[in-house]
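# Provided below are the primary sequence and the corresponding predicted coordinates.
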Amino acid sequence: MRAGSAGRFCGHTAVICIFVISVLLLCGTAAADERTYGSLWRYETGAPVTGVAVSEDGSTVVAGAANKVYLLNQSGYLLWTRPVGSQIFGVAVSPEGTYVAVGADKLYLFNRTGEEMWNNKTTFAYRCVAVAPNASVIATGSDDGSVYLFDRDQEVLWSYVLEEDANGVAVSYDGTYVAAGCDNQEVYLLERGKGEMWSYGAGKSVKSVSISPGGDYVAAGSYDRCVYLSTRGGEHLWKHPTAAAVHATAVSSGARVVAAASGSAVCIFDRDGRMSWMMDTGGSLVDSLALSADGLFLAVGTGIGDNSVHLFTSNRALLGPDSGSSGDEGGGEVDGEPAAVTATATATGQPYQAPAALNVTGEPGFAEQVLAWLDNLFAIIFGTRQ
């Protein structure tokens, strides 16, 4: 074979290989986790929900709206509500469901029965919070540009200066790894007692970060309308464009499920960055969400127009014919008197089908999908990740 022919052959082969890889990326594989969710209940708070959290077994849901903290069970019944001193920026629940942390004008810690264990006051507000099992480590980001780790007795275990306000913070179950997302567009992974392991820049301010229970994966969401997934070792696995700024993220064990709140939509991805499910609220901003460790439960907090906490599940055994329990709209605040809840969510979500163009429900259009697929394609070919 002549050299020119060989060159043309190699060129054609490369084109064919790129085409085949593109098809695989577009279509996905049969092994993908095609997880979808159904609505269990919706609970109205009367104000935008700025923080939600769910225990690892889905038995406990915590929400923050205005200056009130709500604790509900898996059936959607209100167990208690407590006021704090200011607007709530974030809430967290320990994986086993026995402690509740709140970030506001102070850092608050409550026990399961609603008793305030302590509060920590500084000259700065606590903008975000995360809790390890049994509240052995409580991570928080403050307006002074630092991340703090407390124990359940209010002792400061460690602190690290980021020099930028942290909008989101997350901690691994063993309290060793802490992720933070900041206004300077950076996502950080810190190791307790040592400092920064790695960082990378998103396109705009980072609103949310989450870390898998084992600390193996870090998900982040930015105002650049992208969701990011990275490993503890610093490998950037993928980024996926969405239709609007990403206000919240969550990641399950092993990153089998990655959830993101983009505008009025909730998007579910698998570990390879394929979207399997989307739910749109019909216009209400989704400002917060949380996943149980196994990804079976998804808690969602919405803003003006809905002002509610929603609980979804992918466990079909829990979804009856009406996808929830009957009852009147919630709102009661009497301790020990479960408040009734609305039977189903306003919008129940459907398995994701890529639309031909961007539509009014906030689903990513074909062009945005292609950009994400091309980004992953170039990463495979050239060995880089943006």
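Ah, there it is.
# residue 113: neighbouring residues, count only.
When neighbours are counted by other C-beta atoms under 10 Å, residue 113 registers 11. All C-beta spots, glycine's among them, are computed from the backbone N, C-alpha and C.
# the one 10 residues further on too?
Counted with other C-beta under 10 Å, the neighbours of residue 123 add up to 7.
# that one: what's it in contact with?
By C-beta atoms under 8 Å, 6 or more residues apart in numbering, the contact list for residue 123 reads residue 144.
# give me the distance between it and residue 60.
Using C-beta to C-beta, to the nearest Å, residue 123 is found at 32 Å from residue 60.
# cool, residue 236 as well?
From residue 236 to residue 60 the distance is 33 Å (C-beta to C-beta).
# ok, the two, which is more surrounded?
residue 60 (24 against 17).
# report the separation between the more buried one and residue 274.
Residue 60 is 30 Å from residue 274, by C-beta to C-beta.
# show me where the stretch 251-386 of the chain has strands.
With DSSP state E, counting those that start in this stretch as the criterion, the stretch 251-386 of the chain has strands at 258-262, 265-269, 275-280, 286-291, 297-302, 308-313, 350-351.
# what packs against the fourth one?
Just to be clear, that refers to strand 286-291. strand 49-54, strand 246-251, strand 258-262, strand 265-269, strand 297-302 (3 or more C-beta pairs under 8 Å, 6 or more residues apart in numbering; DSSP states H and E).
# mind listing what residue 293 touches?
Residues in contact with residue 293 (C-beta under 8 Å, 6+ apart) are 56, 95, 213, 252, 253.
# report the two of the residues you listed separated the most.
Across the contacts of residue 293, the longest distance by C-beta to C-beta is 12.1 Å; it joins 95 and 252.
# the more surrounded of these two?
residue 252 (26 against 21).
# now the more buried one: closest residue in space that isn't a chain neighbour?
residue 295 (3.5 Å; C-beta to C-beta, 6 or more residues apart in numbering).
# need the helices for this structure, in chain order.
3-27, 366-382 (DSSP state H).
# rewinding a little: got CSV for the strands of the stretch 251-386 of the chain, with mean pLDDT and distance to residue 191 too?
Output for the strands of the stretch 251-386 of the chain, formatted as CSV (pLDDT from 0 to 100; distance: least, C-beta to C-beta, whole Å):
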stretch, mean pLDDT, distance to residue 191
strand 258-262, 98, 22
strand 265-269, 97, 26
strand 275-280, 94, 31
strand 286-291, 97, 24
strand 297-302, 98, 28
strand 308-313, 97, 33
strand 350-351, 37, 39
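# tell me which of the ones you listed sits nearest to residue 167.
strand 286-291 (11.7 Å).
# in contact with the residue nearest to residue 250 when sequence neighbours are not counted, which residues?
Spatial nearest neighbour of residue 250, excluding adjacent residues (C-beta to C-beta, 6+ apart): residue 291 at 4.0 Å. Shown in contact with residue 291 (C-beta under 8 Å, 6+ apart): 54, 250, 251, 252, 257, 259, 297, 298, 299.
# hmm, try it at 6 Å
With contact set as C-beta atoms under 6 Å, 6 or more residues apart in numbering, residue 291 has these partners: 250, 252, 259, 298.
# against residue 53, how distant is the residue nearest to the last one when sequence neighbours are not counted?
Which is residue 298. Distance criterion C-beta to C-beta, 6+ apart; nearest residue to residue 298, sequence neighbours excluded, is residue 312 at 4.3 Å. Computed as C-beta to C-beta, the residue 312 to residue 53 distance reads 15 Å.
# give me the contacts around stretch 307-324.
Stretch 307-324 is contacted from outside by 35, 37-49, 61, 63, 296-302, 343-345, using C-beta under 6 Å, 6+ apart.
# residues in contact with residue 177?
Residue 177 touches residue 215, counting by C-beta under 6 Å, 6+ apart.
# then residue 210?
Residue 210 makes contacts with 170, 219, 249, 250, 251, as judged by C-beta under 6 Å, 6+ apart.
# let's go with 8 Å and repeat that
168, 170, 179, 218, 219, 220, 249, 250, 251.
# number of residues surrounding residue 310?
Residue 310 sits with 33 neighbouring residues when counted by other C-beta under 10 Å.
# again, but for the one 10 residues further on
Residue 320 sits with 10 neighbouring residues when counted by other C-beta under 10 Å.
# so for it, what's the pLDDT?
For residue 320, the model assigns a pLDDT of 73.
# and residue 222, by the same measure?
Residue-level pLDDT assigned to residue 222 equals 97.
# please verify my assumption that it contacts residue 201.
No. Between residue 222 and residue 201 there is no contact under C-beta atoms under 8 Å: 9.5 Å.
# which one's more surrounded, those two?
Of the pair residue 222 and residue 201, residue 222 is the one with more neighbours under other C-beta under 10 Å, namely 27 against 12.
# so what sits opposite residue 71 in the bridge?
residue 62, residue 80 (DSSP bridges).
# how about it, what does it touch?
60, 61, 62, 78, 79, 80, 81, 100, 112, 114.
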